[in-house]
Structures are given as C-alpha cells and as structure tokens.
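Q: just the structure for this:
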Amino acid sequence: MSLFKRIFSKEKKETLDKGLEKSKTTFFSKLSKAVAGKSKVDDDVLDNLEEVLVSSDVGVATTLKIIDRIEARVAEDKYLGTDELNKILREEIAGLLAETNIGNETEFNIPTHKKPYVIMVVGVNGVGKTTTIGKLAAQFKKQGLKVVLGAADTFRAAAIDQLEVWATRSEVPLVKQKMGSDPASVAFDTIESAVNQNADVVIIDTAGRLHNKVNLMNELTKIKRVMQKVIDDAPHEVLLVLDGSTGQNAFEQAKQFSLATEVTSLAVTKLDGTAKGGVVIGISDQFKIPVKYIGVGEGIEDLQVFNKIEFVDSFFK
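A: Just a heads-up that it's a prediction; the model follows:
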C-alpha cells in the first residue's frame, strides 16, 4: 500500500507508474548492486549510493545534498540497515522536494485574473515542444477553456504543419503565416486574435535553435516586445520544454535558455522511454524554476501536471 495519500485518480496514477517503470527498474537494479553483501549503511554503501544517484541523472549537486541528509541520519541512528535504505532515500528525496512550493498541483490550471493568459513555449528542436503544446491545448480545452495557438516557429515548415495537426485534433484555432515569416508578427496576430475571440489562454510556439544564444535572445526579446503592444504584461508564462531522455543535457539546456530569456516554468517530456527519470528530481531541486508538467507517454492524457508527492510515490513504489 502507498505510504502517501493518493492525490491523482487511479488512471492517472497508473499512467505515472508505467511511465516511470524504466527509470525505477534501472535505479533499483543499481541500488541492489550497491548494497550487495552489506547489512549496514557505511561509507562504502554511501559512496556506491552516490555513484548510483549520479548515474541515474539526479545531478551532482542534488546527489550530494541527498548523501549529506543520509549521512546525518546514519550519525543520529548509529546503525542503519541496508534494508532500510529504500525507505530512507524516499523520505529524504521527498523532503528535499518539499522545501519548495512547486509541484503541488493536481490539475491543469491557469490564473483566472489574466485573460487571455499568454504562454510562450521555448525549447530546442526534437524535445517534444510542439507535441506538448498540442497536449496542453487539449487539456485546457477539456476544462472548458477557450484556447488559441500561434505557430511562431516559422523556420521549420514541419513545426507549422505539426501544430496544425494538433490544433485540428484539439479543435482549437491556430494562427499561422507562411514558413520564413517574422515570428514576432505571428505572435502579434495570435494575441490580437485571442483578444478579439475573448480567449482564456494563448499558447505560442517559438523556434528551437540554440546554436547562437545572442540571436535566440534577440528573437525572444523581440517576440515579447511585440506581444506587449497588445497585452502590456505578456507573456505571463515562459514554458521551457526539456527532453528527459537526454539526462544531463536537459540540465545544460535549462541553463542556456535561462540565460537567453526569463524562463518561468518547465515541462520534462519523454520520461516513459528512458531510464533517466531521476533528472526530474535534480532539475526540481537545482533550478529556481518550477517543473510544471511531465510527459510519461504518447497519448494526450500522458502529459501530466508534475506533483512531487505522486512522483516520489511512483518512483519508490
């Protein structure tokens, strides 16, 4: 039985459990080897555990925090058996994540005092950015919200076409121009259209190029400036999409995009196809940016709000 009170529905919880299965299986296989032949948590076990956490993409800084917490427990209890390590790890990781007020949501919510609520989505090509936008649109629409999408990634015809497929599937309007158009112009048209339609939420896709940070910064700054000609405090949220299967590379992308623009929330995708789910723990701890959504499968319902209690529960189940 779960140690935590269930927050998610049974179906949503099963999806999360299944999505984290590879990460969990790999992690506990490594953990078993780390404590093999040992009955007590000692320095050797802690060294091995540090290696397990780092190789599971939790990240060095977060790993050291977790090890410090467990060392404190060992010093206090004098004797901790390796059979207790799973429970202790779970408690300390949950405690680490609980130190922030992020990852408490259970449903797809947007602030009601901003209308339309404008979300600008950033991220490199291939991370699942356009798919995440489509799934978000479907989830907001399901809640009865009026959604407008903007195809401002005008450098790839595939990005515009893919977003159009999602818009059709979700039955939400899409504002687009031809490939090569000025992204800021598309953003302007999208915001203007959303205001005229009395929309609740606007989601704008942007180009996913990181080869030149100065160009990226200039482009995103220009898009923001043009948006503000229609809504003076737009965008209300800048959502960075990261591919969880890239492990430490996701950390690097988060750093680079944070330097290029003010990122306010994160979505970590493709966790179901990887053993690198520990990256969510590290990113949640290291960045002062909330992980808001996680992708644990291909279906629309498989984009979930990130809830740290449910995540830790599924990881250590």
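
Q: show me the shaky parts of the stretch 201-317 of the chain.
A: 210-213 (pLDDT under 70).

Q: all strands for it, in order.
A: Assigned by DSSP state E, counting those that start in this stretch, the strands in the stretch 201-317 of the chain fall at 201-205, 237-243, 265-269, 291-295, 303-305.

Q: and the shortest one, how far from the chain's centre?
A: Just to be clear, that refers to strand 303-305. Chain-centre distance of strand 303-305: 9 Å, with CA atoms, centre = their mean, to the nearest Å.

Q: kindly report the same for the second one.
A: Between the mean C-alpha point of strand 237-243 and the mean C-alpha point of its chain there is a distance of 7 Å (CA atoms, centre = their mean).

Q: for Lys18, which of the strands of the stretch 201-317 of the chain is the nearest?
A: Across these, Lys18 has its closest neighbour in strand 303-305 (11.7 Å, CB to CB). Just so you know, the C-beta spots here come from the backbone N, C-alpha and C atoms, and that holds for glycine as well.

Q: pairing partners for that closest one, with directions?
A: Strand pairing for strand 303-305, using DSSP bridges, gives strand 291-295 (antiparallel).

Q: compute the inter-axis angle for the strand it pairs with and strand 265-269.
A: When axes from the mean of the first three to the mean of the last three CA atoms, to 10 degrees is applied, the directions of strand 291-295 and strand 265-269 differ by 20 degrees.

Q: hang on, the earlier thing: would TSV of the strands of the stretch 201-317 of the chain with distance to Asp17 and mean neighbour count be doable?
A: TSV is the format used below for the strands of the stretch 201-317 of the chain (distance: least, CB to CB, whole Å; neighbours: other CB atoms under 10 Å):
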stretch	distance to Asp17	mean neighbour count
strand 201-205	28	29
strand 237-243	21	24
strand 265-269	17	24
strand 291-295	13	24
strand 303-305	12	23
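
Q: tell me the centre residue of this structure?
A: Ala267 (2.4 Å; CA atoms, centre = their mean).

Q: do I have it right that that residue meets Lys292?
A: Yes - using CB atoms under 8 Å, Ala267 is in contact with Lys292, at 6.3 Å.

Q: what sits in contact with each of the two?
A: Residues within reach of Ala267 and of Lys292 at once, by CB atoms under 8 Å, 6 or more residues apart in numbering, are Leu239.

Q: Gly150: what's it in contact with?
A: Contacts of Gly150 (CB under 8 Å, 6+ apart): 174-176, 186-187, 189-191, 202-205.

Q: neighbours around the residue nearest to Val296 when sequence neighbours are not counted, how many?
A: Counting by CB to CB, 6 or more residues apart in numbering, Val296 lies nearest to Gly19, which is 2.5 Å off, once chain neighbours are set aside. Neighbour count for Gly19, taken as other CB atoms under 10 Å: 24.

Q: fine by me, we can end here.
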